[in-house]
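[1] Provided below are the primary sequence and the corresponding predicted coordinates.
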Number of protein chains: 2
Amino acid sequence: MNVDPLERFHAVIPAGGVGTRLWPLSRASAPKFLHDLTGTGSTLIRATFDRLVPLASNRIMVITGLAHRGAVVSQLPELSEFDIVLEPAPRDSGAAIGLAAAILWHRDPNIIMGSFAADQVIGHEAAFFEAVKEAVHAAAQGKIVTIGIHPNHPSTGFGYIQTGEDLGIREAPNARSVLKFVEKPDEEIARQYLASGGFLWNAGMFVAPVGLLLSHLRENHPALHDGLMEIARAWNSDTREVVMADIWPTLPKISIDYAVAEPAAVAGDVAVVPGVFDWDDVGDFAAIGRLHRASAEEGTISLGHTDSRVYADRATGVVYSDGPRVIALVGIEDVVVVDVADALLVTTKAHAQKVKNTVEQLKADGATEVL
Amino acid sequence: MNVDPLERFHAVIPAGGVGTRLWPLSRASAPKFLHDLTGTGSTLIRATFDRLVPLASNRIMVITGLAHRGAVVSQLPELSEFDIVLEPAPRDSGAAIGLAAAILWHRDPNIIMGSFAADQVIGHEAAFFEAVKEAVHAAAQGKIVTIGIHPNHPSTGFGYIQTGEDLGIREAPNARSVLKFVEKPDEEIARQYLASGGFLWNAGMFVAPVGLLLSHLRENHPALHDGLMEIARAWNSDTREVVMADIWPTLPKISIDYAVAEPAAVAGDVAVVPGVFDWDDVGDFAAIGRLHRASAEEGTISLGHTDSRVYADRATGVVYSDGPRVIALVGIEDVVVVDVADALLVTTKAHAQKVKNTVEQLKADGATEVL
């Protein structure tokens, strides 16, 4: 192959995940990626798409739930029908990203795909482009390449990647081998990781030749691989929906990390390119407080309805309202208020991660209409 | 007069005051006294009325704003038309209570009236009855008698009454003279008052012969006195409304404390009977937290719509909602959440008094539709 690896690059945007910690703003019917959480004027999925256009041009595929088809099409009207993969029901990232790889492989087995979640925020795009380009070049050398983020604090909310030796790839000078992936650590361990300098945050970004990704999938999870390939074969035919309906519900639920990345790392096939850019997965309302463009300007950040009227008296925090009513915050710091038609959340930035527990409680109580 | 003084007793309930610190629950269109703030099942005005029936039977008069006529009649259907005094606009307590005194004086100049605000909460009713009875007997001896509350903490939110010598009235053995009324003190002074034992809280309860009250009013504020007497003369005639519309807007705005109680105290005409019962003016949401019958039972107190669903996860406080939506409180202590159709308040019990400032800000911004 003498084709420039960048010409072989296709971007894939998995748009799944409800964003439970952002309830009741983010919910099953309007998940996180459909919101403008950082005040840019773009939803997260639109911003993700726009960020990939300079790298992939119109070679961008979105994988999302059937329920979100309308919202995604309205956000991304330029997307062709063949580039929207609709899941009848969520079956975890192994099936989602694996299906994208299988469909692309049937289009052209030389494609190098890059997977970038629809609900992440990235600052300093030039550095992002550089990292992706290096990752594509490293992938062209037969690697599954993840982009790891330089940690700026000892986060216990992310998984980490332990880096190994320099791979000596001319067009990917920062690419290193991956020794292992590690789960979210406790704070003590996270501090050690930060101090050692040998660990990066796992942002879930993968760049890989589709053939290599599928071969690891076949080796580790043959049933998943075979099912996805059968769906992919039918993709451009009129049996697509029948085959999808038949096979999709039978596929094992497993994350792409367990299904491909970790076994491939053990096999020595995974590389990492450090990303030296701001990155956040906007995991909770505290993240919105940090990331929102209004953060530096004001004590309280107002999101949502443009006519909502927030009165803050010795109060700071994040307020989302979907209506025009008056919201008064008096003498309360770092508060999080999310005010939507059928639910109201009041918490603090420090407890933003705990919102998940309330969502679980609501689910246990059968209050699915507000989830 | 050989009539038992208790037979001469008429109760008057001034039902005014918006309760600014209880915004947005209490507001111009639905002030504090029209709410059940303590979970008894009765609005404050209904509870006040019921508390006075054993003392005054059907000799109870209510003074309220014209705008609240419908709500008051629906709360107190037994009230006769002659016992509802409607103010076209608020002109402070001097005019309101003075008008009640003048109307009662025209009915019978021997009436002893007792004024009890519509928005106070009283525990231990037997002790309240005893105090009122003593006050009526002391009033029959030619005194304006206030019922002062035994302070149980150095409150800076109430005015105080400095007590003098025992008056030696046989049927009012606890009645003492009043040395002076003092304004809300700072905390240091409040502690001294509490330690001295010679100070009671001024709860704004007055019991007085209507003639004596009016004579002090005539002496100190003749224009107010004369205007009120002119309205009272027309009260049972078909010129009532014309005279009221003519005179009421011209009356000076002054509180009954300044208009009558303080000058009468200087003249040696004021007595006080200590009230040994729980009393609160439910001045803010922190008071609701203390007073609500559910306080002892649960971490969060839910008021309002019976179907509201409050989920508290490591959270305590007071929640009022007028709708059926889910309210989730996560990791927040002593919070106050008031959720009504057009406004949302989030504060803490410690800042409950500051709600007033926000109301003033809203007023300054012309947001009268939510006040």
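    Happy to help now that I have it.
[2] how about the residue of the stretch 151-300 of chain A found nearest chain B, what does it touch?
    Minimum separation of the stretch 151-300 of chain A from chain B (Cβ to the nearest Cβ) falls at A:F285, amounting to 10.0 Å. C-beta coordinates here come from the backbone N, C-alpha and C atoms, glycine included. Contact analysis of A:F285 by Cβ atoms under 8 Å, 6 or more residues apart in numbering or on different chains lists A:R21, A:L22, A:V318, A:V336, A:V338, A:T347, A:K349, A:A352, A:V355.
[3] and what of A:V338?
    Going by Cβ under 8 Å, 6+ apart, A:V338 touches A:W23, A:P24, A:L25, A:F285, A:V319, A:Y320, A:L344, A:L345.
[4] List the ones among these that fall in strands.
    Mapping the contacts of A:V338 onto strands (DSSP state E) picks out A:V319, A:Y320, A:L344, A:L345.
[5] Between the residues you listed, which sits nearest B:G204?
    Nearest to B:G204 among these is A:L344, at 36.0 Å by Cβ to Cβ.
[6] show me the contacts for the closest one.
    Neighbouring residues of A:L344 by Cβ under 8 Å, 6+ apart: A:P24, A:V337, A:V338, B:S321, B:R325, B:V326, B:I327, B:A328, B:V337, B:D339, B:L344.
[7] One more pass at 7 Å, please.
    B:R325, B:I327, B:D339 (Cβ atoms under 7 Å, 6 or more residues apart in numbering or on different chains).
[8] can you tell me how far whichever residue of the stretch 201-350 of chain A sits closest to chain B sits from A:H305?
    Closest contact between the stretch 201-350 of chain A and chain B, by Cβ to the nearest Cβ, is at A:G331 (2.9 Å). In this view, A:G331 and A:H305 are 24 Å apart by Cβ to Cβ, to the nearest Å.
[9] A:A15 now?
    Distance from A:A15 to A:H305, counting by Cβ to Cβ: 24 Å.
[10] the more surrounded of these two?
    Under the criterion of other Cβ atoms under 10 Å in any protein chain shown, the comparison of A:A15 against A:H305 puts A:A15 first, with 28 against 15.
[11] show me what contacts the residue of the stretch 1-150 of chain A found nearest chain B?
    Per Cβ to the nearest Cβ, A:P24 is where the stretch 1-150 of chain A lies closest to chain B, at 7.5 Å. Contacts for A:P24 were tallied using Cβ under 7 Å, 6+ apart; they are A:V338, A:V340, A:A343, A:L345, A:V370.
[12] so the closest residue to the fourth one other than its chain neighbours bridges to which residues?
    It refers to A:L345. Distance criterion Cβ to Cβ, 6 or more residues apart in numbering or on different chains; nearest residue to A:L345, sequence neighbours excluded, is A:V338 at 4.2 Å. On the basis of DSSP bridges, A:V338 is bridged to A:Y320, A:L345.
[13] Tell me the predicted confidence for A:V338.
    A:V338 carries a pLDDT value of 94.
[14] Check A:G16 too.
    In this prediction A:G16 is given a pLDDT of 88.
[15] Then A:D257?
    We have a pLDDT of 92 for A:D257.
[16] ok, the helix or strand bottoming out on mean pLDDT in chain A: who's next to it in the sheet?
    Lowest mean confidence among the helices and strands of chain A (mean pLDDT, DSSP states H and E): strand A:300-304, at a mean of 82. When pairs are called by DSSP bridges, strand A:300-304 turns out to pair with strand A:317-321 (parallel).
[17] In the partner strand, which residues are buried?
    Neighbour counts over strand A:317-321 (16 or more other Cβ atoms under 10 Å in any protein chain shown) mark A:G317, A:V318, A:V319, A:Y320, A:S321 as buried.
[18] Include pLDDT when you put the residues you listed into JSON lines, please.
    Formatted as JSON lines, the buried residues of strand A:317-321 follow (pLDDT from 0 to 100):
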{"residue": "A:G317", "pLDDT": "91"}
{"residue": "A:V318", "pLDDT": "91"}
{"residue": "A:V319", "pLDDT": "92"}
{"residue": "A:Y320", "pLDDT": "90"}
{"residue": "A:S321", "pLDDT": "90"}
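[19] Could you single out the nearest of the residues you listed to B:T156?
    A:G317 (28.6 Å).
[20] The residue nearest to the spatial centre of chain A: what's it in contact with?
    Per Cα atoms, centre = their mean, the C-alpha nearest to the average position across chain A is that of A:A117, at 2.5 Å. Residues near A:A117 by Cβ under 7 Å, 6+ apart: A:P14, A:G204.
[21] please redo it, this time with the cut-off set to 10 Å
    For A:A117, the contact set (Cβ atoms under 10 Å, 6 or more residues apart in numbering or on different chains) comprises A:12-17, A:32-33, A:44-45, A:48, A:93, A:97, A:203-205, A:281.
[22] Any stretches of chain A with poor pLDDT?
    Residues of chain A that meet the criterion pLDDT under 70 lie in A:1-2, A:294-298, A:306-308.
[23] Helices of that one, start to end?
    Using DSSP state H, the helices found in chain A span residues A:44-56, A:69-75, A:92-107, A:125-140, A:187-196, A:210-220, A:222-234, A:240-247, A:256, A:262-266, A:285-291, A:355-364.
[24] What helices and strands are in contact with the last one?
    Okay, so that is helix A:355-364. The elements that helix A:355-364 packs onto, with contact taken as 3 or more Cβ pairs under 10 Å, 6 or more residues apart in numbering or on different chains; DSSP states H and E, are strand A:343-348, strand B:309-313, strand B:326-330.
[25] Could I get these in CSV, plus columns for distance to B:E165?
    Formatted as CSV, the helices and strands packed on helix A:355-364 follow (distance: least, Cβ to Cβ, whole Å):
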stretch, distance to B:E165
strand A:343-348, 54
strand B:309-313, 52
strand B:326-330, 53
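[26] And chain A, what are its domain boundaries?
    With automatic domain parsing as the criterion, the domains of chain A are listed as A:5-280, A:291-370.
[27] Can you get me the start-to-end distance on the first one?
    Domain A:5-280 has an end-to-end distance of 28 Å (Cα to Cα, to the nearest Å).
[28] again with the shortest one
    The first residue of domain A:291-370 is 26 Å away from its last residue (Cα to Cα).
[29] mind checking how far that domain is from the chain centre?
    From the chain centre to the centre of domain A:291-370 is a distance of 23 Å (Cα atoms, centre = their mean, to the nearest Å).
[30] what does the longest one give?
    In this view, domain A:5-280 has its centroid 7 Å away from the chain centroid, taken as Cα atoms, centre = their mean.
[31] so how far is A:I13 from A:F128?
    14 Å.
[32] Give me the more crowded residue out of these two.
    A:I13 (27 against 23).
[33] A:N202 bridge partners, please.
    Beta-bridge partners recorded for A:N202 (DSSP bridges): A:G148.
[34] ok, it touching A:T163?
    No: with contact defined as Cβ atoms under 10 Å, A:N202 does not reach A:T163; the gap is 11.5 Å.
[35] Common neighbours of these two, please.
    Listed as contacting both A:N202 and A:T163 by Cβ under 10 Å, 6+ apart are A:G148, A:V178, A:V272.
[36] Can you give me the neighbour number for the last one?
    Using other Cβ under 10 Å as the criterion, A:V272 is surrounded by 28 other residues.
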